[in-house]
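1. Need a 3D model of the sequence below.
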Amino acid sequence: QVQLVESGGGLVQAGGSVRLSCVSSGRTFSSYVVGWFRQAPGKEREFVAAISRSDSTYYSDSVKGRFTLSRDNAKSMVYLQMGSLEPEDTAVYYCAARDGRLLSVSPLDYHYWGQGTQVTVSS
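-> Numbers count the residues shown, from 1 in each chain. I've put the predicted structure just below:
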């Protein structure tokens with residue numbers, strides 16, 4: 001079992017930056033693929049980015065070039081650096097982890113979830 005806790009959300013102006021963190025407790029963090037998803041009011045949860053056990057990353061087209069995902073296995077942490085933020089990025093952001101080696105964009109493939117952190121981008 002693994003527990004995930006996100007932090008770092010808040011209110012930011014359009015064009016600004018914010019870094020989200022996700023800390024894990026439980027089983028060895030390095031054995032998981034970790035993803036970030038977001039959900040805006042009235043919308044389905046959507047994939048943002050994922051990082052593999054070997055630090056390969058994959059981003060959705062909507063955030064590619066603006067967001068950067070990294071992990072520090074020694075600290076059981078994953079970081080989502082978000083830049084050039086737009087009002088459309090406003091959502092609750094969730095950290096998730098899945099067993100196995102493969103990256104996935106589907107929330108159904110992730111077994112563990114954090115409680116989410118709100119990011120609000122003002123125009």
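2. make it CA atoms for all contacts and neighbour counts henceforth
-> Fine.
3. how close does Val2 get to Val63?
-> 27 Å (CA to CA, to the nearest Å).
4. does the residue nearest to Trp113 when sequence neighbours are not counted belong to a helix or a strand, and which?
-> Once flanking residues are discounted, Trp113 sits nearest to Ala96: 4.4 Å by CA to CA, 6 or more residues apart in numbering. Secondary structure assignment for Ala96, by DSSP states H and E: strand 91-98.
5. What ranges does the protein have for its strands?
-> Secondary structure of the chain (DSSP state E): strands located at 2-7, 10-13, 18-26, 33-39, 46-51, 57-59, 67-72, 77-82, 91-98, 112-113, 117-122.
6. so the fourth one versus strand 117-122, what angle?
-> Put plainly, it is strand 33-39. Relative orientation of strand 33-39 versus strand 117-122 (axes from the mean of the first three to the mean of the last three CA atoms, to 10 degrees): 50 degrees.
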